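Participant: For reference, the sequence and a predicted model appear below.
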Amino acid sequence: MQVGIDMGTVAGGTPASLDIEELLATRLLVQGNSGSGKSHLLRRLLEQSAPWVQQVVIDPEGDFVTLSEKYGHVVVDGERSEAELSGIANRIRKNRVSCVLTLEGLDLEEQMRAAAAFLNGLFDADRDYWYPVLVVVDEAQMFAPAVAGDVSEEARKQSLGAMTNLMCRGRKRGLAGVIATQRLAKLAKNVAAEASNFLMGRTFLDIDMARAADLLGMDRRQAEMFRDLKRGNFVALGPALSRRPMPIVIGNVETSARSSSPKLMPLPEAYEDVEDLIFTPDPEEFTRPLVARRATPAPRPTTDILAELSRSTPAAMPLAAAEPRTPQPVLSAEEREDRLMAVMSEILDDPQSAYRTDAVLFQDFLVRSRMRRLPGPPLSLGEFRRRTAIARSGVDAAMAASEAWETVLSLSNSVSDDLQGVFLMMAKAALTGEPCPSDARIARAYGTHSARRARRLLGYFEEQGLVVVHSDFSGKRIVAFPDLQAETAPGSADAPDGAEAGLAAE
Ligand SMILES: Nc1ncnc2c1ncn2[C@@H]1O[C@H](COP(=O)(O)OP(=O)(O)OP(=O)(O)O)[C@@H](O)[C@H]1O
Ligand SMILES: [Mg+2]
């Protein structure tokens, strides 16, 4: 069966077609510097081919998990033992289910080991299950590095071996490698050499250009054309694409990446007390639990500045300038509260809001409040976070008015702002006797995909004496709140996010 999927357009506007069956036999290498549009290209390829072929994505940044909503990919968190990962990979082949292995939050060595275990699991599947699978590896130079780096030799060998198997010996077993890299020169030569199809994006460095020219059988001067390519423009070559180098523009995608390019934002107005603001540590900084994240700075500075912005602007303005240009409508406290809640729910009803930082949501809130001409001083960031956490915990009006909920709110004062959402959700489950939320559900409430981080949060609450975690005889988790004299019903820690939704629905 010949299926040509539409990758975008060739100059002149005709569709650029990629022959999927040919691709399965001949593999694909995508290269381009950071921001050239490789991940976007892979997403286009995955979306367009989803109805035709099973897919496995090895995803270092957790960018592709959004495929699950529209295309049903199972999201596999890489934070598992190697045996578990290889078992899952085996069942993925047996049941022919598309999946995304997300390695977000793991350190480089852990990522390499997890990817290796998973790829080997796919590779070692029983001959009965050698159905065709597109295996997409983004940032392939991490898993098949050309030279030894900072990681242990053992991890490098393991990962390189798995990538070599995928690209060199995978075809017979139905595995078709599609790999993307920022730097060809950093990718192991034997892994790159097994691809017969190429999509080359913008490339600056001579050494990468030379490698690209060698792979494509071009002379080096001809390869100069890669230098001037715009974002989203690639040169296609290979049996599944085109017999001659053909410039194409990659088309749009249906799902969005979780990370996107940074956008310029206006800087805040000058503060009067800028030194105070920067050099005075917030007491919260000392109580904040250490949540390990790979070299990502905590968002604290932005949030401080945003909070300050909302507080200090009216005070910093001279009196005359503070007069509103249009008279503000006079609203009763109740009307104002209604309007405020409407703005909050506009923001929180978007399912993606769970994965946005509070700073981003707060900024959105400030803008929308101004658009709705909400009179009076805006909420502070702290108050905004608190209301967000309460709204997300899903309490109804009756419970919100109860004494028990008062206790919950006063207990929640002892956890830092960013943990309030998780704390209130757990407390609500205990008060209503719902099953204990799973790791995946807790992770979402915290705005992450990492189950390990979810478990760490429960450990932290336990250390603070707020909860006692135990389990029933079947191993299901129960979280008890001594101060509330209440506990959740037993719930499976490993259940996928949303499994308890039916039970927990108000
Ligand atoms: N063809 C395109 N059409 C529209 N937007 C695009 C296109 N290609 C890329 N973009 C946008 O450009 C930005 C960078 O693209 P992308 O993340 O795919 O780059 P990348 O090559 O994967 O970079 P990195 O190597 O740093 O991961 C993204 O915000 C993406 O949405
Ligand atoms: Mg990318």
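Facilitator: That came through fine. Note that the structure is predicted; figures quoted are calculated from it, not measured. Ligands and ions are numbered 1, 2, ... in the order given.

Participant: How about the stretch 351-500 of the chain: which residue is closest to ligand 1?
Facilitator: Ranking the residues of the stretch 351-500 of the chain by distance to ligand 1 (CB to the nearest ligand atom) places Q352 first, at 15.0 Å. No exception for glycine: its C-beta is placed from N, CA and C like everyone else's.

Participant: That residue: how many residues sit nearby?
Facilitator: 10 (other CB atoms under 10 Å).

Participant: in what helix or strand does the closest residue to S242 other than its chain neighbours lie?
Facilitator: Leaving out its chain neighbours, the residue that sits closest to S242 by CB to CB, 6 or more residues apart in numbering is A236, at 5.2 Å. Using DSSP states H and E, A236 sits in strand 233-238.

Participant: Residues in contact with that strand: which ones?
Facilitator: Contact with strand 233-238 is made by 7, 16, 26, 28, 30, 32, 36-37, 41, 195-202, 216, 225-226, 229, 242-250, as judged by CB atoms under 8 Å, 6 or more residues apart in numbering.

Participant: That strand pairs with which strands, and in what direction?
Facilitator: Paired with strand 233-238 in the same sheet, following DSSP bridges, are strand 197-200 (antiparallel), strand 242-250 (antiparallel).

Participant: What values do phi and psi take at A50?
Facilitator: phi -50, psi -40 (degrees, to the nearest 10).

Participant: was I right about it contacting V57?
Facilitator: No: using CB atoms under 8 Å as the test, A50 is too far from V57 to be in contact (11.0 Å).

Participant: any shared contact partners between those two?
Facilitator: With CB under 8 Å, 6+ apart, A50 and V57 have common neighbours L67.

Participant: for this structure, what spans make up the strands?
Facilitator: Under the criterion DSSP state E, strands of the chain are mapped to 4-10, 15-19, 28-31, 54-59, 74-77, 99-102, 133-137, 175-181, 197-200, 233-238, 242-250, 468-471, 477-481, 486-487.

Participant: of all the ones you listed, which lies closest to V395?
Facilitator: Minimum separation from V395 across those (CB to CB) falls at strand 486-487, 13.6 Å.

Participant: A443 and A451 touch, don't they?
Facilitator: Yes: under the criterion of CB under 8 Å, A443 makes contact with A451 at 5.9 Å.

Participant: quick one: which of those two has more around it?
Facilitator: Between A443 and A451, A443 has the larger neighbour count (other CB under 10 Å), namely 24 against 20.

Participant: about what we covered before: please render the strands of the chain as a markdown table that adds mean pLDDT to the earlier fields.
Facilitator: Listed next are the strands of the chain as a markdown table, based on pLDDT from 0 to 100:
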| stretch | mean pLDDT |
| --- | --- |
| strand 4-10 | 94 |
| strand 15-19 | 94 |
| strand 28-31 | 97 |
| strand 54-59 | 97 |
| strand 74-77 | 94 |
| strand 99-102 | 96 |
| strand 133-137 | 97 |
| strand 175-181 | 97 |
| strand 197-200 | 95 |
| strand 233-238 | 94 |
| strand 242-250 | 93 |
| strand 468-471 | 94 |
| strand 477-481 | 95 |
| strand 486-487 | 94 |
